[in-house]
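Student: Compute the structure for the input listed below.
(6 chains)
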There are 4 protein chains.
Amino acid sequence: MTKKAAVRKPQYTDKPLSKSALRRQREREKRYQTIFKAAEKLFARQGFHKTSMEQVADRAAVSVGTVYFYFKNKEDLLVHLIDAIGYQLRNLLGKEFTRSDGSLDGLARAGQVFFDEFCTKHPERLAIFFRESAGQSEAVEVHRKKLFNKIITDVEAALIKLQQTAGRRFPSRLSAEIMAVSIMGMYERIAYHYLIWQDNRAADISAIGQDAVTFIVGGVKNLMKA
Amino acid sequence: MTKKAAVRKPQYTDKPLSKSALRRQREREKRYQTIFKAAEKLFARQGFHKTSMEQVADRAAVSVGTVYFYFKNKEDLLVHLIDAIGYQLRNLLGKEFTRSDGSLDGLARAGQVFFDEFCTKHPERLAIFFRESAGQSEAVEVHRKKLFNKIITDVEAALIKLQQTAGRRFPSRLSAEIMAVSIMGMYERIAYHYLIWQDNRAADISAIGQDAVTFIVGGVKNLMKA
Amino acid sequence: MTKKAAVRKPQYTDKPLSKSALRRQREREKRYQTIFKAAEKLFARQGFHKTSMEQVADRAAVSVGTVYFYFKNKEDLLVHLIDAIGYQLRNLLGKEFTRSDGSLDGLARAGQVFFDEFCTKHPERLAIFFRESAGQSEAVEVHRKKLFNKIITDVEAALIKLQQTAGRRFPSRLSAEIMAVSIMGMYERIAYHYLIWQDNRAADISAIGQDAVTFIVGGVKNLMKA
Amino acid sequence: MTKKAAVRKPQYTDKPLSKSALRRQREREKRYQTIFKAAEKLFARQGFHKTSMEQVADRAAVSVGTVYFYFKNKEDLLVHLIDAIGYQLRNLLGKEFTRSDGSLDGLARAGQVFFDEFCTKHPERLAIFFRESAGQSEAVEVHRKKLFNKIITDVEAALIKLQQTAGRRFPSRLSAEIMAVSIMGMYERIAYHYLIWQDNRAADISAIGQDAVTFIVGGVKNLMKA
DNA sequence: GATGAATGAGGCTTCATTCAT
DNA sequence: CATGAATGAAGCCTCATTCAT
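Tutor: All right, here's what the predicted structure looks like:
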């Protein structure tokens, strides 16, 4: 493990581990998570820039050096947070899409899940993904872009499948992507508006999501007609 | 002039100004603009945090002290940028809304104007408004929120007028707001996606906007039906 | 009038002044005083270092440039304040000493005057002389020292006269000076303690002064005995 | 360790320290002292304002960051200096007072100790306490006031004890305090006059102190008579 | 004489990162 | 592996002073 690479995640090697090695690995994983959670909370609450590595270390009850053992640098910490959030998000939404039958239901359910399972339950991740990860650095932006693109591609795929099932065609080759981007933007801003800026609206978010879904359904249909 | 205030804009007093005072004022306004533009460019290109006040001063060909003469501090510079952008944006969109007759046309035209007049012609402002102003500081966030809210309220008002004209009702009292937020989010992300992340798509943006508008129209109608 | 010298005080030349020149001179004197007073107040209230030249100018309702026309620089402003205070103080005390007949009464009356006429009526000058002028700069310290020395010399002279009148001798050649220094220190700290640190004790200061005088009288007598 | 706290002094916890931890602690204390001494010297020689943190760091042969590791900021450095001086001073004088039997001797001895042990041996501390700490900032002034008050209270207590021993009464309830303040002022200015302004008089200071003590004794007696 | 915009050196402070123990 | 003291570059900002108008 070189100086530059930082551990990040426990490595998975093939050779069986001794008991003590196992314990060490578990400890390591635990530490990693502690630091991760500390950063998540602090970045979401105070912002990425206003949070110092010392604060992260303090909250995780480890030394600064330890933070640097698990994460290459501060940016790396943010990137890992973003990745984890993206991973979770795609998992959550993906499940709904795959379960979907090519009707608009999958899209609708994904929207619900986004609000009910993700936004409401992980407001910190919401803030990090949509607020803190913006405008921070080149590397972070690259990661963010990649993630957005993946989710957009997921949605786009669902829309294309839908189009085929319905035996229709969207006006242009780009239409599906544009809709995917639009849906992403809608959800993003709705979450931002009602959950980050008005943090007591969690109760209404489900109903709000309903309207959003109705809106989307109308939009998609209208584009299929065209 | 108190310690904290910084000049910013020439003050408008009632007493007539002498010729030399007038020139002085013009010079001041010019300087202000020079610094403003320098910051706009740098913040958009390198990011707010990566840009130092010295760089701003250099690009504006003035001393650091002069920058501080016109702007209270770095944050103030960003806030003024945001405000100016918001002002321009509302002006642009507002004109379309007022010219509108309560049909969906106004909304459609506003969308076009957003892409064709604002995004394409002021990519730097786009980046500042949607990327750099996010996650920077409390004060900036407050300004951003205020602006977003204003635009959302504009759109919402147009939607309500539309509903009355059509003699229909949206499902809930919130629906119009939700749609407004959604539309804002759509446009934001479309602009971000095609103009910031893929900066050579300016040519397609008009066509993209078309699909977006179609989508919106369908969405709005669907919610009016409901 | 060279660039370096700054006007400071209106010059007194011998040739008779025209009417307009007279008025100009009066105006000048007035301005000088305005700035002087502004600085006095601000230095006393916020401290010398915490006060900027701009603040002085603002309070005097003139431009920064004007302040620099009347005073060479910031330090010069403080030095002039100190000098003026010293001048007033010596005048006040000196009168009592000269009126004195070589008895301890002069000393006693000077003490009273110091508290009743100077401290109570010019708390700002008190703060400047005993607080703000300390530890600021070489040049200021030199002035302060000179002034202290003058006053000390005055007191010393009074003590020596007293000794002669009484037909006694202080133990050493230094004794009178030591007593003068001591008296100065007493008054200084009493004023500081009761008027600067506890700013509502002005009412008691006369009574306090009484005790101080009694103390001094005892001290002087004891040293004459020795 | 929070952002604001800075280490300052090694913390005393109950758990026994390992050998290496002990050494670390010792090193830390040493560093702290080095920086402390550097600041003491520089503040006394060049003045607080004229001394930059970089100079302090240079003289202590550490980096600027290290200075800030041990002291929260520049003001903190001065405050700690003042506190240390006050602590030493009270210790020195306090010993004489407690050893005292309620006669004037204690007061006299304290005076001697002040001149012989403190002023002569620690001219830098003298300058910091009586010159540099004046008129610098609100926080510093608060500390200075507190310390002066403590010493004054000590002296006052000694005077009250004296009065009881002697079976006399001072004219007013304030008298003892006034005398304490006076004595403080005398010593302060004598030290300032002969040791800071005329720095070659250290040899005479003992004799000077004698006269001062005689003066004080006379003063106190005179007030007891009254 | 008065003005006030412009200057820029200089100071304080932060904090990501390193590395010896 | 963990620690945490040390580093020092870098950034923000202030403000005394100047000078063209």
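Student: Name the SS class of the residue nearest to A:Q136 when sequence neighbours are not counted, please.
Tutor: If the residues on either side of it in the chain are set aside, A:Q136 comes closest to A:F48, at 5.7 Å by C-beta to C-beta, 6 or more residues apart in numbering or on different chains. Placement of C-beta: from N, CA and C, glycine included. Of the three states, A:F48 takes coil under DSSP: H, G, I helix; E, B strand; the rest coil.
Student: how close does A:F48 get to A:L42?
Tutor: Distance of A:F48 to A:L42, computed by C-beta to C-beta, to the nearest Å: 9 Å.
Student: Beyond the helix or strand of chain A with the lowest mean pLDDT, next helix or strand please.
Tutor: The least trusted helix or strand in chain A, going by mean pLDDT, DSSP states H and E, turns out to be helix A:104-113, with a mean of 87. Going down the chain from helix A:104-113, the next helix or strand is helix A:123-127, by DSSP states H and E.
Student: Figure out how far that following helix is from the centre of its chain.
Tutor: Counting by C-alpha atoms, centre = their mean, to the nearest Å, helix A:123-127 is centred 9 Å from the centre of its parent chain.
Student: Can you point out the buried residues in whichever helix or strand comes after it?
Tutor: As assigned by DSSP H and E, the chain's next helix or strand after helix A:123-127 is helix A:138-166. By neighbour count on 16 or more other C-beta atoms under 10 Å in any protein chain shown, the buried set for helix A:138-166 is A:140-141, A:143-144, A:147-149, A:151-152, A:154-156, A:158-163.
Student: How about helix A:138-166 and chain B, any contact?
Tutor: Yes: residues of helix A:138-166 contacting chain B under C-beta under 8 Å from any C-beta of the partner chain: A:145, A:148, A:152.
Student: now A:E138: how far from B:V142?
Tutor: 27 Å.
Student: which parts of chain A sit against DNA strand E?
Tutor: A:3, A:50-54, A:64-65, A:68, A:73-75 (C-beta under 7 Å from any atom of the strand).
Student: Swap in 10 Å and give it another go.
Tutor: A:3-4, A:6, A:46, A:48-57, A:63-69, A:71-77 (C-beta under 10 Å from any atom of the strand).
Student: now, among the residues of helix A:138-166 next to chain B, which is nearest to D:L107?
Tutor: Ranked by distance to D:L107 (C-beta to C-beta), the residues of helix A:138-166 next to chain B are led by A:K145 at 79.2 Å.
Student: Please list all residues in contact with the closest one.
Tutor: Neighbour list for A:K145: B:W197 [criterion: C-beta atoms under 8 Å, 6 or more residues apart in numbering or on different chains].
Student: From chain D, how far off is it?
Tutor: Look at A:K145 and chain D: by C-beta to the nearest C-beta, to the nearest Å, they are 33 Å apart.
Student: Ok, A:M184 next?
Tutor: Taking C-beta to the nearest C-beta, one finds A:M184 at 37 Å from chain D.
Student: if I pick A:K41, what's in contact with it?
Tutor: A:K41 touches A:59, A:124, counting by C-beta under 8 Å, 6+ apart.
Student: And the residue in chain A that DNA strand E sits nearest to, its phi and psi?
Tutor: Going by C-beta to the nearest atom of the strand, DNA strand E is nearest to A:N73 of chain A, at 3.0 Å. The phi/psi pair for A:N73 (degrees, to the nearest 10) reads phi -160, psi -170.
Student: Count the neighbours of it for me.
Tutor: Residues lying near A:N73 (other C-beta atoms under 10 Å in any protein chain shown) number 14.
Student: How about A:N91?
Tutor: A:N91: 9 neighbours (other C-beta under 10 Å).
Student: The residue of chain A found nearest chain C and A:V64: what is the separation?
Tutor: With C-beta to the nearest C-beta, the shortest gap between chain A and chain C falls at A:K50, namely 27.8 Å. Separation of A:K50 from A:V64 (C-beta to C-beta): 17 Å.
Student: same thing with A:F43?
Tutor: Applying C-beta to C-beta to A:F43 and A:V64 gives a distance of 16 Å.
Student: Please identify which of these two sits among more neighbours.
Tutor: Just comparing A:F43 and A:V64: by other C-beta under 10 Å the higher neighbour count belongs to A:F43, 27 against 14.
Student: Off-centre distance for the helix or strand hosting the more buried one?
Tutor: Element membership for A:F43, per DSSP H and E: helix A:19-46. Remark: helix A:19-46 is offset 19 Å from the chain centroid, using C-alpha atoms, centre = their mean.
Student: With stretch A:126-141 instead?
Tutor: 11 Å.
Student: again with stretch A:92-102
Tutor: Counting by C-alpha atoms, centre = their mean, stretch A:92-102 comes out at 17 Å from the chain centroid.
Student: Buried residues in it, which are they?
Tutor: Buried-residue list, stretch A:92-102, by 16+ other C-beta under 10 Å: A:93, A:96-97, A:100.
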